[in-house]
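Student: Pasted the sequence and its predicted model underneath.
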Amino acid sequence: MNGRSVWREDDAETSLSHPPKRQKTFHHDSSSTARHDHYTIAWICALHIEMAAARAMLDEVHEALPRHADDSNTYVLGSIKQHNIVIACLPADQYGMNNAANVMTNIKRTFSAIRVGLMVGIGGGVPSKADVRLGDVVIGTRVMQYDLGKFIGDGQFQRTAIPRIPHHLLGTAVSALRSKHELDPSRVPSILRLKLEGYPEYGRPSSPDRLFHATYDHQSTTASCDGCDQSKLVPRSRRKANDIMIHYGAIASGNQVMRSGTTRDNVARQLDVICFEMEAAGLMDILPCLPIRGICDYSDSHKSKEWQRYAAATAAAYARELLEELPVAKAHAKFISMPNSHQCSLHERRQRLLNSLRFEQMDSRKSTIRTALAKTCRWFLSHPDYQAWLDPEKLTQHHGFLWISGKPGAGKSTIMKFAYSSMKSKSRNKHAITAFFFFNARGEYLEKSILGMYRSLLLQLLEGYPDLQAVLDDSEINSQSQNGCPSLDVLKDLFRSAVSALGQRSFMCFVDALDECDEQQVVDMVQYFEELAEQCTNKGVLLRICFSSRHYPYIVIQRGIRLTLEDQSGHGDDLATYVASRLQIEDPVLLEDLQTQLLRKAAGVFMWVVLVVDILNKEYRHNGLALRKRLAEIPSDLSELLKDILRRDNENMEGLLLCILWILLAKRPLQPKEFYHALWSGLSLEDLADAQIPDVTVLDASDSLNRFDRCVISSSKGLAEATKSPQPTVQFIHESVRDFLVKERGLHELWPDLGFDWESLSHEKLKQCCTLYMNHTLLRASVTKVLSEAKPDLQMGISKEYPFLEYASQHVLYHANAAAEAVPQDEFLSHFPVSNWISVNNLFEKFKVRKYSPHASLFYILADKGLPELIRTRLKKDPHIHVSGERYEYPLFAALANGDKDVVTAVLNSRSSACNGVDITEGLNHRKDLKQYANRTPLSWAAQEGRISIVKLLLHLETTVDDVDGRGRTPLSRASENGHEVVAELLIDKGADVNASDNFGWTPLLHASANGREVVAKLLIDKGADVNARDNFGWTPLLRALANGHEVVAKLLIDKGADVNARDNLGSTPFSLASEKGYKAVAKLLIDKGANIDPSNTHDQHHSHAP
């Protein structure tokens, strides 16, 4: 082929069903193995348009990696097939070999594993026998620095250019690809269509390809050649259908732009070059690169920029095709950072799934349980039941189950923590793993659900035995596309599979406080473990499970060991040890008498003993004259004791109630200083506290118990405490306190005025606490100063000075929402200072992406925060919900992203998720990925998803039926693409334009045809859709249907009058496509309908045998 490979654009694949797709963006998580040495290909560009074309060729754009300290480059990292690529561009307006060399030097500094380089972009062609034309691609098989040489005696310049050859690996790849093109057309046209179809500015220009004689200079003061003498054009034969050629030969490289036709020809004759450019020679000494140049001009004075983008695109497309041919370096072949399981490393995917199992408070409950008093609990380790549980010979008798039950407050959690810690210290070897999960009724959902339990136990098992992580790869259990945390059912299957693979190793689980989880969940979980334990016993797998709970009357295990804590003599001994060590009475006779009476009344309940010992010690410190009488008066029942403690005196009952409400109803547990200011704020409402906010920045160093902890104890009458942890929080001393107040209605006994709606009324009180605190004059002045100066130290200072401000600002709306069921919030929302609230909220928001813009709407904030009652309240005042902006654009998308069905229902202004008997939220895919909602409106999203009920609700909310999204597409376009006939019909009935075109010129019928949606296509045509509408590339619905293999739709379109001789911008016809696809019946139908068989059409010639 005389040093060139010819491809024609009408030889290319034409089966594109969608506008161009953007690359996926992959963010390396903390466990990713991505490193600089995974990148082996350098792709250098000189211009920003070249870099844009290069980026478009990537399958995926990767997250940035740190640069070398001396590296001034900016990179785009990505991948094409199996290759990881570094793309870099020369600085703006800085061209030439030296700048190119600097860029490559920096690349090598940061990415030491780079093995080959590509210099891809535009170049100037040389008219010659090679017949180089605009848009052609030149591959530099050698590089000549044409401005290198010396002046000889007669003043002439003698060039001394030495041929520089690209890397041999690139040379062999070029040869392989070139040989392939001898038999099959290049894939460059299909690559251009796939990657740049949505960017018409990178398409072939409409301006003519004009070559003037070398001696004729440009005449106009503008870049256009319209004013040049057209008689000076070089006559050239016309190529068929805008054929583009790929040429192979020498490239001239220099530091000056070649603008002279005569100089161009002289250099070309001397060095035998077919292209001029300015960078490649600067790279060859650093890394032998392959220049790939798209021809944008003829290196003469008639230069213009009209062909530059197209030339950059053709060069980039060839570079991609070459990389698909280039072998992958073995050392790096395994790392392909695509987010799907077929292309990312096994280790990376496993680590991502393991990380998804973690949650923040996974072990918080265990850490708050007090460590057993010295010399207590030891009896448990030698107890016959415990020893039988450990005995592998007795496994068939109990199937590995041990269930510890006891009264509330008996000390079950302390025993469980002690047993777990003892076993953990003994099983530090590779054949035994001990895991735990302590349910926490006071915690977040995962802390008190079996979902959290399975996640925790599975994570501990897989991290303890890393080889078991192979279960995560089982596609029959866990979808290979799974990125987030698996569902509950999948977790159970994964856990079963991992346990079954233990072999001779053992796995022991301690699961505490089953009573603090939903009862039905516990029933299901126990049944699951019974089945699993039976399977393990039959296989000889050593699985042991120790449960603890209150006396569950409804849960029975078929096999297992039951141990009732308060019936054990060792437990009684522990109570005696505690009393002996903590009861501070000097009279030995009195002490012994009280100990005997106290232990008899305790009935094995440790918490009762703790409370009574504290009461007796206080009485003894006061006078100690009536201790026996006082002990006799104390109720033996724990609940009655709690009631007695709370009502013994009536002092500061307002403070006691406020204390209880904050511990019961706070969105999250408060820290002691937060609690201190929250209590002050609430008492200020009742005019029971000083108007001045108390100073919390000064502490008495000599005080072993600071005033904040004392406040917790005194305000709760000793029933609350600050946890012993680095970040202490306020909680009840035992779950039995909460049970007494709520489940046993202790609150109503003590404060009967709270009434039936006590929770809503209480949340209203807490909301007022937050509001009063935020609006305090002194605090507002401090906030204004911090916001105006924006200094980090001032921000830290305000947190220390006003510790309750963060909670108050972030959760005032939460309490308002909870109060809304009984207390109207219309007035509160009407006067809510949105702008000020945003400023304060953003002050404490740690993640930038979660901060709100100054103009965020209150409705969006309510949806993002998941506050359905306030949303419904707001909608009564303002039914316009489609206010765009913020992270998720629309309130509906924020609700969807956060996965709250009730909030979605509220945003749609529906009182119930049931609409005409159909749950509008059923099956909704709640996704946090912003890309899922990008460029959508709520109506276009609902139409695309086929959500007819949601579409109706949105239309009822005065949504415009033809609202266009970010791609210029209407809801009807989205529904048509996805074949949602009922939605499409509804939209049309509401007035949707059946011929509306998007940014790419696609109409609803084009979308339906390209995706094979026959029923929708017929509906659209019947409603007046233009069967011959054309997109920006000249494609009609018939061409799209044929290109994508939808024969039935093609026949429908032909029957409905589609133009059988329509040609796209590159000359493809329905007949050529039908012939290429082998659709004989369609081809015959086209002929019957008058289709022309054009002998000059490549497709028609090739498929001349078609009927």
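Tutor: That came in fine, so what should we check first?

Student: now the residue nearest to Leu532 when sequence neighbours are not counted: how far from Val471?
Tutor: Leaving aside its chain neighbours, Leu532 sits nearest to Arg496 (5.7 Å; criterion: C-beta to C-beta, 6 or more residues apart in numbering). All C-beta spots, glycine's among them, are computed from the backbone N, C-alpha and C. Distance of Arg496 to Val471, given as C-beta to C-beta, to the nearest Å: 9 Å.

Student: quick one, which of the two is more surrounded?
Tutor: Val471 (22 against 17; other C-beta atoms under 10 Å).

Student: Find the nearest non-adjacent residue to that one, please.
Tutor: Leaving out its chain neighbours, the residue that sits closest to Val471 by C-beta to C-beta, 6+ apart is Ser497, at 4.4 Å.

Student: what's the answer for Arg630, then?
Tutor: The shortest distance from Arg630 to any non-neighbouring residue, by C-beta to C-beta, 6+ apart, is to Glu619 (5.3 Å).

Student: Could you give the number of residues near the one you found?
Tutor: Number of residues near Glu619 (other C-beta under 10 Å) recorded here: 17.

Student: Can you classify it by secondary structure?
Tutor: Each residue gets one of three states, and Glu619 gets helix by DSSP: H, G, I helix; E, B strand; the rest coil.

Student: Can you tell me the SS state at Gln99?
Tutor: Just to correct that, residue 99 is Asn rather than Gln. Using three-state DSSP, the structure places Asn99 in helix.

Student: and it, how far is that from Lys990?
Tutor: Distance of Asn99 to Lys990, computed by C-beta to C-beta: 58 Å.

Student: Tell me the gap between whichever strand or helix holds Glu869 and the middle of its chain.
Tutor: Element membership for Glu869 (DSSP states H and E) is helix 868-877. Average the C-alpha atoms of helix 868-877, do the same for its chain, and the two points are 29 Å apart (C-alpha atoms, centre = their mean, to the nearest Å).

Student: Let me see the mean pLDDT of that helix.
Tutor: Average pLDDT, helix 868-877: 88.

Student: Which secondary structure elements does it sit against?
Tutor: With contacts taken as 3 or more C-beta pairs under 8 Å, 6 or more residues apart in numbering; DSSP states H and E, helix 868-877 sits against helix 805-819, helix 826-830, helix 858-865, helix 901-907.

Student: now that helix against helix 805-819, angle please.
Tutor: With axes from the mean of the first three to the mean of the last three C-alpha atoms, to 10 degrees defining the directions, helix 868-877 sits at 70 degrees from helix 805-819.

Student: Put the alpha carbons of helix 868-877 into CSV.
Tutor: The C-alpha trace of helix 868-877 is given here as CSV (Å, rounded to 0.1, in the frame of the first residue of the first chain):
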residue,chain,number,x,y,z
PRO,A,868,-40.4,13.5,56.5
GLU,A,869,-42.8,15.3,58.9
LEU,A,870,-41.1,18.7,58.3
ILE,A,871,-41.2,18.0,54.6
ARG,A,872,-44.9,17.5,54.7
THR,A,873,-45.3,20.7,56.8
ARG,A,874,-43.2,22.7,54.3
LEU,A,875,-45.1,21.4,51.3
LYS,A,876,-48.3,22.9,52.7
LYS,A,877,-46.7,26.3,52.4
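
Student: domain assignment for the chain?
Tutor: Annotated domains of the chain cover 4-11+23-217+229-332, 350-567, 571-636, 653-851 [automatic domain parsing].

Student: Highest mean neighbour count out of those?
Tutor: Across the domains of the chain, averaging neighbours per residue (mean count of other C-beta atoms under 10 Å) puts domain 4-11+23-217+229-332 on top, at a mean of 19.

Student: Many thanks, I have nothing further to ask.
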